[in-house]
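In: Build me a structure from this.
(chains A and B)
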Amino acid sequence: MAALKIKKGSTSHSAYNLRPNFSDVQERHTLAVLVDNEPGVLARVIGLFAGRGYNIESLTVAEVDHTGHTSRITIVTTGTPQVIEQIKAQLGRIVPVHEVHDLTVEGPSVERELCLFKVAGEGDKRLEALRLADIFRASVVDTTLDSFVFELTGAPEKIDAFAELMRPLGLVEVARTGVAALSRGAE
Amino acid sequence: MTRQMTGAEMVVQALKDQGVDTVFGYPGGAVLPIYDAIFQQNDIRHILVRHEQGAVHAAEGYARSTGKVGVALVTSGPGATNAVTGLTDALLDSIPIIVLSGQVPTFMIGSDAFQEADTVGITRPCTKHNWLVKDTKTLSGTLHQAFHVAKSGRPGPVLVDIPKDVQFASADYTAPKSANTSNYQPQLKGDIDEITALVELMENAKRPVFYTGGGVINSGPAASQLLRELVEATGFPITSTLMGLGAYPASGTKWLGMLGMHGLYEANMAMHGCDLMINIGARFDDRITGLISAFSPKSKKAHIDIDPSSINKVIKTDIPIVGDVAHVLEDMLKVWKARGRKTNKEGLAKWWTQIEQWRAKDCLAFKQDGPTIRPQYALQRLEELTKGMDRYITTEVGQHQMWAAQYLNFEDPNRFMTSGGLGTMGYGFPASIGVQMAHPDSLVVNVAGEASWLMNMQEMGTAVQFRLPVKQFILNNERLGMVRQWQELLHGERYSHSWSEALPDFVKLAEAFGAKGILCSDPKDLDDAIMEMINHDGPVIFDCLVEKHENCFPMIPSGKPHNEMLLGEASTQGAIEAGGAVLV
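Out: Numbers count the residues shown, from 1 in each chain, chains lettered A, B, ... in the order given. Here you go, the predicted structure:
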């Protein structure tokens, strides 16, 4: 047994500050959570993330079954493997939560986001913006003589790439829906 | 057959149908219709507390000592916010309680009405689930669902917020069996492959230990019986958390005593040195693990828990078993017996020899010398004089709580009510009221410190009004003892605000409430004074003046592993030779 030396007046570390030696690699996971669409259910989910210090990168929610009153919450989060496991277990504990799916590990999945971009400019910049929008298959949903609003759907990386291209061409405002995701295949 | 009734009548009917006989509460504007309904019936007793926090702790005490759901009734606004501490306490200790709160009428919600608070918003993170009922039609179904959620799976507190107009309006009453509870059905049976894998490890383990917690008690009396059978059959040593005391009897031969920060030396050393740790219904709390990276480094760990989020939360588990303790233990016993009841006898014998060496240190030894009562001595005498009685113990929080866990022996589950997870000072007194309500003829003692006790002393009025003979056994050191201890050990003996001045005269205080007060300061008088307390038919405040600077040992300081315990004043020579882990 090793001797314990605590100096008088020292402030010892607390066990609260100590983390177990699990892997500290940060992973990005997309979770699909099926819930009863009852008042406060979104607050429960968000409160869980805030209260336990988990990250939310993207969150979308809407009722997907109007007769059964169930909603689908899609959450993109980052954390160590242990934290991701905890997030799933903690979500599963919420009484109105029916299912928690980790689309990142449950096989291939598709992720899509819808985005609106307002780009203002004249002359060459305006033409270039229109040309790039065509390449990205974005559609023009509003136009004035000196602005466009583009609508673009795609994976988050595609949206990011388009936003980067639009920035020097007069990007004024962006609105993104956040990620919606489904597993591939018949299941 | 459906019956029309008002929302307020539904509340009373639903409580009756759920087998509730006692409600702890405090009236106010937004619950007047329910109080009116309570007034007009005799099946449910209402205990008027003196503060809503007291109502919730009393409901907790009732729940923990009976295994039933405890019920508290509070008004809107301040009534509900006063219930928050009790709800959080019940959440951390997994205690099934229901808080019914009144709310301003639905048409006034959101208008900052008088005594309006966003009760479901405030209590969302401190309940297992909560509901705001906006329509009388859904009220009875929601109440039945609330009972179901509170007691099934990992139990916990729930809250149902009922606006005043919902209490007045009438609708059809739904009976419990027609209520929809199907969407919340936690898994009870453990995975049989994992159980078999655990049994295989048990057959070969040289240094196994059972580490049990409150989950065994929450699972019901059958779980404690099965645990006892399993421990006796295998001959493995067993330790328990604060929350699990009594599931295995303290007089049992395999009992190591409580583990953790102030646990017994032999229990913590066994946890550190084991090769197989079988966690049954405990959650690797930080008061148990100490330094996580050095926690039981050489063991395989199995974890049985009904809550999947407990598994791998803090400590990596080799064999996770999600299920109810009683169900899993039953399967474990079946599998173990079917495979021929094997254990590693040779390894176990060596392991017990080692444990006996640790036990020989007698880490709880103390000397009662001088004219002042040592707190350990007070509890030792309390144990000696109440041993074998039909006895329930509650505690407040602090040094006295740890000493109670160390020096009192618990032979049965549901006999020890203490605030473990949240560490709520002020828990013990109202909890003792709840326990006494459930067990009117039993001896109920709240082991308290004077500082904790003062936090809910107003409940003396409740005890006297309802003639509840609860015994308030106050170890009075005129200090916030545990705070003082940490300041001595970790903050250079700078005792910042950790002593009590202007304490009341507890005997006069008792008399002012119409109760009995006993003062004891001489060790020679202690036995007689304790007997006087026990024999008095009514509530007693026992002011036991104890040594002011006693520290609670053994102790694992925060951030240290199990094998680096401070044995302190209680240490014997062996401990010093073994490495000098003794604080001077």
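In: just the strands in the stretch 201-350 of chain B please.
Out: Counting by DSSP state E, counting those that start in this stretch, one finds strands in the stretch 201-350 of chain B at the ranges B:208-212, B:238-240, B:255-258, B:276-280, B:300-305, B:319-322.
In: so what does the second one touch, helix or strand wise?
Out: In other words, strand B:238-240. strand B:208-212, strand B:255-258, helix B:265-273 (3 or more Cβ pairs under 8 Å, 6 or more residues apart in numbering or on different chains; DSSP states H and E). (C-beta placed from N, C-alpha, C; glycine too.)
In: Could you say which of those is packed most deeply?
Out: Sort the helices and strands packed on strand B:238-240 by mean neighbour count, taking mean count of other Cβ atoms under 10 Å in any protein chain shown, and strand B:208-212 sits at the top with a mean of 28.
In: now it: how far from the chain's centre is it?
Out: Here the centre of mass of C-alpha atoms in strand B:208-212, compared against the chain's by Cα atoms, centre = their mean, to the nearest Å, lies 20 Å away.
In: Run me through the strand neighbours of that strand, direction for each.
Out: strand B:238-240 (parallel), strand B:276-280 (parallel) (DSSP bridges).
In: got the angle for that strand vs helix B:265-273?
Out: Compare the direction of strand B:208-212 with that of helix B:265-273 by axes from the mean of the first three to the mean of the last three Cα atoms, to 10 degrees and you get 110 degrees.
In: Can I get strand B:208-212 in CSV? Just the C-alpha atoms.
Out: Extracted C-alpha coordinates of strand B:208-212, given in CSV (Å, rounded to 0.1, in the frame of the first residue of the first chain):
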residue,chain,number,x,y,z
PRO,B,208,-14.7,-13.0,-6.8
VAL,B,209,-16.8,-10.3,-5.1
PHE,B,210,-20.4,-9.4,-5.3
TYR,B,211,-20.9,-5.6,-5.4
THR,B,212,-24.6,-4.9,-4.8
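In: Just give me the residue right at the centre of chain A.
Out: Nearest to the geometric centre of chain A sits A:Ser58, at 2.0 Å (Cα atoms, centre = their mean).
In: right, and that residue touches A:Gly178 too?
Out: Yes: with contact taken as Cβ atoms under 8 Å, A:Ser58 and A:Gly178 are classed as touching, separated by 4.2 Å.
In: Tell me the residues that contact both of these two, please.
Out: Taking Cβ atoms under 8 Å, 6 or more residues apart in numbering or on different chains as the contact rule, A:Ser58 and A:Gly178 both touch A:Thr74, A:Val76, A:Glu113.
In: which of these count as buried?
Out: When neighbours are counted using 16 or more other Cβ atoms under 10 Å in any protein chain shown, the shared contacts of A:Ser58 and A:Gly178 contain these buried positions: A:Thr74, A:Val76, A:Glu113.
In: Among those, which ones are in helices?
Out: Applying DSSP state H to those, no entry is found in helices.
In: ok, for B:Gly77, nearest residue in space, not its chain neighbours?
Out: Closest residue in space to B:Gly77, ignoring its immediate chain neighbours: B:Gln115 at 3.4 Å, by Cβ to Cβ, 6 or more residues apart in numbering or on different chains.
In: With B:Met269 instead?
Out: Spatially, and ignoring its direct neighbours in sequence, B:Met269 is nearest to B:Trp358 (4.7 Å; Cβ to Cβ, 6+ apart).
In: Now stretch B:46-62: buried residues?
Out: Under the neighbour-count rule (16+ other Cβ under 10 Å), stretch B:46-62 has B:46-47, B:49-62 buried.
In: wait, which of those residues is closest to B:Arg381?
Out: Using Cβ to Cβ, the shortest approach to B:Arg381 within those belongs to B:Gly61, at 24.2 Å.
In: Any stretches of chain A with poor pLDDT?
Out: Judged against pLDDT under 70, the low-scoring parts of chain A cover residues A:1-22.
In: any chance you could map the strands in it?
Out: Under the criterion DSSP state E, chain A carries strands at the ranges A:27-36, A:58-65, A:70-79, A:97-102, A:109-120, A:139-144, A:147-154, A:171-176, A:180-183.
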